[in-house]
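Asks: no sequence for this one, just the structure:
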């Protein structure tokens, strides 16, 4: 669902507002202190976490290509085509939506799972990762498994949040990751075409 929303600037902007409205009561009711985190050490840890996420993306892509050479490359091409109509404005709005996702998942739900649900922080990261992945399901048979990748990404974003202690850091990581990913998709589509 959220991947589909990110293909259009207007729907991404409206969904951003919706997620912020959903996140606000969770964020405000959380008994866990959520630190915006402007300290250099927190942001440096978030940047290192960004590197881990990029490395994970590269390893997953290479691993799937090697393990499923007949099935994965056509599915990846279909993913590129899925975002073919995405404008630069929609890419930017998708990055803003990624920021709102972090406020909801890591700033609201994760602390609620820890404080109210009595989960340990890593279990809360896994639980929010599963929800995050479910909301990134693309309703196409060949692309549905991308939601599993999104579950993993959601878990990693939760771990980056725990490791850095910076909600702002993980917001920036996710927004840059999504915008950069959409830009890479555009570049790969153009390269493939010609």
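Replies: That came through, no problem. The shown structure was predicted, so the numbers you read here are calculated from the model rather than taken from an experiment. Numbers count the residues shown, from 1 in each chain.

Asks: was I right to think residue 160 contacts residue 171?
Replies: No. Using C-beta atoms under 8 Å, residue 160 makes no contact with residue 171, being 10.5 Å away. Placement of C-beta: from N, CA and C, glycine included.

Asks: got the phi and psi for residue 69?
Replies: Dihedral pair for residue 69: phi -60, psi -20, per degrees, to the nearest 10.

Asks: work out for me the element residue 183 sits within.
Replies: Assigned by DSSP states H and E, residue 183 belongs to helix 167-193.

Asks: which other helices and strands does that helix contact?
Replies: Helix 167-193 sits against helix 40-67, helix 72-82, helix 88-104, helix 146-164, with contacts defined as 3 or more C-beta pairs under 8 Å, 6 or more residues apart in numbering; DSSP states H and E.

Asks: so which of the ones you listed comes closest to residue 124?
Replies: Evaluated with C-beta to C-beta, the helices and strands packed on helix 167-193 place helix 146-164 nearest to residue 124, the distance being 7.0 Å.

Asks: that closest one packs against which elements?
Replies: helix 40-67, helix 121-134, helix 167-193.

Asks: what's it in contact with?
Replies: 3, 37, 42-43, 45-46, 49-50, 52-53, 56, 60, 79, 102, 105-106, 110, 121-122, 124-126, 128-134, 136-138, 167, 169-170, 173-174 (C-beta atoms under 8 Å, 6 or more residues apart in numbering).

Asks: of all the helices and strands packed on helix 146-164, which lies closest to residue 88?
Replies: helix 167-193 (8.5 Å).

Asks: which helices and strands does the lowest-mean-pLDDT helix or strand in the chain pack with?
Replies: Lowest by mean pLDDT, DSSP states H and E among the helices and strands of the chain is helix 9-29, with a mean of 84. Applying 3+ C-beta pairs under 8 Å, 6+ apart, one finds that helix 9-29 contacts helix 2-5, helix 88-104, helix 110-115.

Asks: now those helices in JSON lines, with mean pLDDT?
Replies: As requested, those are exported to JSON lines (pLDDT from 0 to 100):
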{"stretch": "helix 2-5", "mean pLDDT": "86"}
{"stretch": "helix 88-104", "mean pLDDT": "94"}
{"stretch": "helix 110-115", "mean pLDDT": "90"}
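
Asks: nearest approach to residue 178 belongs to which of those?
Replies: Between residue 178 and the helices and strands packed on helix 9-29, the tightest spacing by C-beta to C-beta is seen for helix 88-104, at 4.2 Å.
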